[in-house]
Structures are given as structure tokens and as C-alpha cells.
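Asker: fold the stuff below for me.
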Amino acid sequence: MTHALQIQNLAVTYEKQPVLEGVNFNIPEGTLTGIIGPNGAGKSTLIKAILHLIPRLSGDVTVYGKPYKKQRSLIGYVPQRSEVDWDFPTNALDVVLMGRYGHIGWIKRPGKKEVNFAYECLDKVGMKDFAHRQISQLSGGQQQRVFLARALAQDSQIYFMDEPFAGVDAATEKAIMKLLQEWKQQGKTVLVVHHDLQTVRDYFDHCLLLNKTPIECGPTETVFTLNNLEKTYGGAISFLGNGPALVQEG
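Answerer: A predicted model of the protein is given here:
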């Protein structure tokens, strides 16, 4: 089994308080991994620490057997919408073109080839007609689709997505999952911070259950169990319909 990502002894503190500690896990290549846990569990912090967006107290990140810094070009990232300045004066096409800078460099201006590719990415997520629309004028679902198009333009091997389904309409959620499945079929690896316990089994073939430290990490069918969820959330879990739902937090 090829590991796309290996995390060893990762720890993060904030104002001397531990946020993450003892984080060790491996992610196999070509999997869709849901990062699952309660609010405050450190899910977004984990992604940012892996990507060197925040300082780590300790820990090693290996991508395809090599240190992260040597493999940075293989990584794509879709942040939470709440962390983006949507009033920044730029349009959808320019946002998507930002995804090409890892390939062409920050100094060189995108040429016709890159612009055409950006249009193709927007078209794939149903946003080509909005290419020249200011991002501040787009709805939440449309903004998320633009970020998906930028991720497509990055043409990465490993993607990190922080709550991509938050606040989007059903059509956008379906579009996101279609894209994630396509990436999986292409052998790409995707890690997604996710909150809806009801859809975990349908969306992900791999799970990381996290609450400041990993509870379990592995195939969804073996890891996503009632016992593990109760350990993760510290509260009672009830099965509703086809999946579990949190009854109360401890």
C-alpha cells in the first residue's frame, strides 16, 4: 500500500495550551478521507499545521515518502469560506488562475493556455458564465464552486478541503461530491473536514476520528462505529435513518 501522507508525532499549542498532541496516522493513496470530530477537536488546526500555515510544536509530515517542503507542489488546499476576504476586488476567473501559479511561477503572467484551462475548470463546476463576476457578488454556493475550480486548476495529487459543504445548497454539495469521486478515480487523495455524520458512510471510504488526538484512522467500514464515535464526541450517539447522529455532547 502506498501512503500519500504520513504524520508522525505532530503537536500544536496555542498560548501554551495543547490544541493537538500525539497525532500519528497514515493516509493511503487514492482515498477520500473524512476528518471527523466535535467542535474544538482541532480538525482545521490539523490541516493548517500539515500545510505549514501555522507553527507546530513538533511533528513530521511526509508526502509520498519525502518531506512536505520538497513535495509542496503536489498539494492543493480549499480553505473555509469564512477565512476568505470575499470583498477583495477580483473576479472568478482571476481566482481560478491563482491555482496555476504553482505551475507557471508567481512572476510569469498566465498565457492563453492557462486562461483557457481556467475557463474549462469553471465550466466543469457550472461557473463559466460567471467568470468575470466579482467574487463579492456571488452566492455562498457559487463562491465554493469557484474555489473548487481553483482546486481543479491546481491539478494536485493531494487535496485538503476545510468544510467544503458548510452553508452550500444541495446542488453544490452534489457537484462537490462528483468532483471528489472523479479525483479518487484518477488516483488522487483527498482529506475533508466534515461535520454531517449522516453522510460520512456515503461520502468517504476512509476516516480520521479526531479529538485533539486521533481516536481511530482507517477504512470507514471498520472505523466509523458507534463505540468510536462515542469516544470521539464524549457523548451519546444515536442512529437515525442510515447513519449516526449526535444526541448530546459530554
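Asker: mind checking the SS state of the residue positioned nearest the centre of the chain?
Answerer: Centroid-nearest residue in the chain, with CA atoms, centre = their mean: Met161, separated by 1.5 Å. At Met161 the chain is in strand, as set by DSSP: H, G, I helix; E, B strand; the rest coil.
Asker: now stretch 140-148: buried residues?
Answerer: Of the residues in stretch 140-148, 141-148 count as buried by neighbour count, 16 or more other CB atoms under 10 Å. Quick note: C-beta positions are derived from backbone N, CA and C, even for glycine.
Asker: and if you look at stretch 173-182?
Answerer: Those buried within stretch 173-182 under the rule 16+ other CB under 10 Å are 173, 175-177, 179-180.
Asker: which residues of the chain fall in helices?
Answerer: Ranges of helices within the chain are 43-50, 92-98, 101-104, 112-124, 140-154, 170-185, 200-203, 220-223, 226-233, based on DSSP state H.
Asker: out of the ones you listed, flag the one nearest Pro28.
Answerer: helix 170-185 (11.4 Å; CB to CB).
Asker: one step back: now, which of the buried residues of stretch 140-148 sits nearest Thr222?
Answerer: Relative to Thr222, the closest of the buried residues of stretch 140-148 is Leu148; by CB to CB it sits at 29.8 Å.
Asker: could you find the closest non-adjacent residue to that closest one?
Answerer: Distance criterion CB to CB, 6 or more residues apart in numbering; nearest residue to Leu148, sequence neighbours excluded, is Val125 at 4.9 Å.
Asker: got phi/psi on the one you found?
Answerer: The phi/psi pair for Val125 (degrees, to the nearest 10) reads phi -100, psi 10.
Asker: distance between stretch 190-197 and the chain's centre?
Answerer: 8 Å (CA atoms, centre = their mean, to the nearest Å).
Asker: that stretch: end-to-end distance?
Answerer: Using CA to CA, to the nearest Å, the span of stretch 190-197 from its first residue to its last is 18 Å.
Asker: I would like the residues contacting it, please.
Answerer: Contacts of stretch 190-197 from elsewhere in the structure, counted by CB atoms under 8 Å, 6 or more residues apart in numbering, are 5, 27, 31-36, 43-44, 47, 158-166, 180, 183-184, 200, 203-204, 208, 229, 237, 243-246.
Asker: try stretch 212-226
Answerer: Taking CB under 8 Å, 6+ apart as the criterion, the residues outside stretch 212-226 that touch it are 18-27, 34, 36-37, 41-42, 200-201, 204-209, 228, 231-232, 237, 239, 244.
Asker: write a PyMOL command that selects only the buried members of those residues.
Answerer: In PyMOL, this line selects whichever of the contacts of stretch 212-226 come out buried by 16+ other CB under 10 Å:
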select buried, resi 19+20+21+23+25+27+34+36+37+41+42+200+201+204+206+207+208+209+228+232+237+244
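Asker: okay, and which of the contacts of stretch 212-226 map to strands?
Answerer: Using DSSP state E, 18-27, 34, 36, 206-209, 237, 239, 244 are the members of the contacts of stretch 212-226 that sit in strands.
Asker: output the below-cut-off pLDDT ranges for the protein.
Answerer: Flagging of the chain using pLDDT under 70 yields the residue ranges 1, 101-110, 236-250.
Asker: gap between the residue sitting furthest away from the middle of it and Glu83?
Answerer: Among residues of the chain, the one most distant from the C-alpha centroid is Lys112; the distance is 29.4 Å, by CA atoms, centre = their mean. The span separating Lys112 from Glu83 equals 32 Å under the rule CB to CB, to the nearest Å.
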